[in-house]
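Visitor: need the 3D shape of this:
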Amino acid sequence: MKGYSTVIALKATGTSSLAEIARYQDFGAAHVFDCIDFGLPATYPSHRSEFGDIFANALEFCLSLPAAALVVECGGDLFGAGVPEFLACLKAPRSNFKIILATADTLGALGAKHALAEIGLAINLIAGPCTDTPILRERTEELCSIPAINLFRGPDQRTQSNLSGVAVSE
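Guide: So this is what the prediction gives:
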């Protein structure tokens, strides 16, 4: 909607949802896929052996399409729904991706930071309800040492931290 060229969206983990696909299309995604497009109606139960191949194929397909960006949504549970398996696959084809964490509170952000660091990934930006007020956003940013922004309230509540290298449009 902001004039960027082709954007592809992939809801990689969780439960398939037509409403979520439609939301990405409403916001301008040229192509939208979810796990059902790659043979999984859901990525539950977690830790299934076939996840690695399916996720690798889904990523390879999405990355083969001409696009300015690929937006990937993982399920709401960092430790389930195939999210750990997907994140492991994500590291292989691209080294320059950005992770934007949407979380309810600072404790969730700290836990996600730790869990992702254990598999060699770093969060680039924090969003979500933990940024709903300037005080919450500043506390989250300070405790996590990661830039935080409230994506719904807009740039007037943007943190003064250095957000270079993070693709956030104002």
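Visitor: for this protein, which spans come out with low pLDDT?
Guide: Within the chain, the segments meeting pLDDT under 70 span 1-4, 92-95, 154-170.
Visitor: ok, 80 please
Guide: The chain contains residues with pLDDT under 80 at 1-5, 46-47, 75-77, 90-96, 152-170.
Visitor: centroid residue for it?
Guide: Residue closest to the average C-alpha location in the chain (CA atoms, centre = their mean): Glu73, at 4.6 Å.
Visitor: now do the contacts for that one.
Guide: For Glu73, the contact set (CB atoms under 8 Å, 6 or more residues apart in numbering) comprises 9-14, 20. In short, each C-beta sits where N, CA and C put it, glycine included.
Visitor: 7 Å - rerun?
Guide: 11-12 (CB atoms under 7 Å, 6 or more residues apart in numbering).
Visitor: all further residue positions should be reported with the first residue as 24.
Guide: Sure thing, new numbering starts at 24, so read that last one as Glu96.
Visitor: give the contact list for the residue lying farthest from the centre of the chain.
Guide: In the chain, the residue that sits farthest from the middle, by CA atoms, centre = their mean, is Ile158; the gap is 23.9 Å. Taking CB under 7 Å, 6+ apart, we find Ile158 in contact with no residue.
Visitor: which phi and psi does the residue nearest to the centre of the chain have?
Guide: Glu96 adopts backbone torsions of phi -110, psi 130, taken as degrees, to the nearest 10.
Visitor: which strand residues bridge it?
Guide: Judged by DSSP bridges, the bridge partners of Glu96 are Lys34.
Visitor: if we can go back for a sec, quick one: secondary structure of the residue farthest from the centre of the chain?
Guide: Ile158 falls in the helix class when you classify it by DSSP: H, G, I helix; E, B strand; the rest coil.
Visitor: which stretches of this structure form strands?
Guide: Along the chain, counting by DSSP state E, strands occupy 30-34, 54-57, 92-96, 123-125, 148-150.
Visitor: and the helices in the chain, which stretches?
Guide: Under the criterion DSSP state H, helices of the chain are mapped to 41-49, 74-87, 106-114, 129-141, 157-167.
Visitor: which of these is buried the deepest?
Guide: Of the helices of the chain, the one with the most neighbours on average (mean count of other CB atoms under 10 Å) is helix 106-114, at a mean of 20.
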